[in-house]
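Participant: sequence plus predicted model, see below.
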Amino acid sequence: MSTGTDETMDRLFPKPQRKEMLRSTYVMFDAEDFSIPDPLLFKKNIVTAIEKEGYRGRIRINGYFGLKVTIPQDLLDQYLEAGIYSKIFEGDRVARMNMMLVELLFWAMSHYPAGTNVLIITKNQKILEEHKVRDIIEALAVRDFYFAIEHPDTFYPPAACAESSELFIPIATRKRTFDG
């Protein structure tokens, strides 16, 4: 299912044709188990990587959190100031993932038939083993939605957490799109 040509291995999404350059990109960040000390830098890195791909459309970034009591309000404020919208869902990882899928379906409905890019950032690199996730991604992929699943380190490497606030541009991202 994964496309793996030499040209696309270092890309998040397929190289856009002229008519696709303004595609929207929906970024879903599973923020529960990955701390980002500088949300603004994280957002800049994501936006830079998407623009480097040749896409110039609207980019919406949502961070998905679990229990509200585990998230300091000042961190939520930093995310909001950076333009990363926080979604808080009570429950465990499965409940959070289910709500992320519901939000993905609403996003897809509002962008169909135009298609869009979807970037899922999660530490759970086995996300596709969960049947609901695979089924939804496969169904949307045949309807002109491009998907990439990346680890948070791609956009905010551990070294950046300790060193500086210089912009990090991923050099070689793993491409995980689906042809359906």
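Facilitator: That came through, no problem.
Participant: what mean pLDDT does the biggest helix by length in the chain get?
Facilitator: Scanning the chain for the helix with the most residues, using DSSP state H, yields helix 93-111. Mean per-residue pLDDT for helix 93-111: 86.
Participant: after that helix, next one along is what?
Facilitator: strand 117-121 (DSSP states H and E).
Participant: quickly run through the sheet partners of that next one, with directions.
Facilitator: When sheet partners are counted by DSSP bridges, strand 117-121 sits next to strand 25-30 (parallel), strand 146-150 (parallel).
Participant: which strands and helices lie in contact with the next helix or strand after that strand?
Facilitator: Under the assignment DSSP H and E, the closest C-terminal helix or strand after strand 117-121 is helix 131-141. Packed against helix 131-141 by the contact rule (3 or more CB pairs under 8 Å, 6 or more residues apart in numbering; DSSP states H and E) you find helix 93-111, strand 146-150. All C-beta spots, glycine's among them, are computed from the backbone N, C-alpha and C.
Participant: nearest to P39, of these?
Facilitator: Distances from P39 to each of those were compared by CB to CB, and the smallest falls on strand 146-150, at 16.7 Å.
Participant: can you give me how far that closest one is from the chain middle?
Facilitator: Centre-to-centre, strand 146-150 and its host chain are 7 Å apart (CA atoms, centre = their mean, to the nearest Å).
Participant: between that strand and helix 93-111, how many degrees?
Facilitator: Taking axes from the mean of the first three to the mean of the last three CA atoms, to 10 degrees, one finds strand 146-150 and helix 93-111 inclined to each other by 150 degrees.
Participant: so the residue lying closest to L140 once chain neighbours are set aside versus V102, what's the distance?
Facilitator: Nearest-residue entry for L140: A108, 5.5 Å, with adjacent residues in sequence omitted and distances by CB to CB, 6 or more residues apart in numbering. Summarising the geometry, the distance separating A108 from V102, computed by CB to CB, to the nearest Å, is 11 Å.
Participant: okay, the two: which has more neighbours?
Facilitator: It is A108, of A108 and V102, that has more neighbours when counted by other CB atoms under 10 Å, with 18 against 12.
Participant: isn't the more buried one up against F145?
Facilitator: Yes - applying CB atoms under 8 Å, one finds A108 in contact with F145, separated by 6.4 Å.
Participant: got any residues that touch both of those two?
Facilitator: Common neighbours of A108 and F145 (criterion: CB atoms under 8 Å, 6 or more residues apart in numbering): T116.
Participant: low-confidence bits of this protein, can you list those?
Facilitator: Within the chain, the stretches falling below the threshold (pLDDT under 70) are 1-9, 33, 68-69, 128, 131, 158-180.
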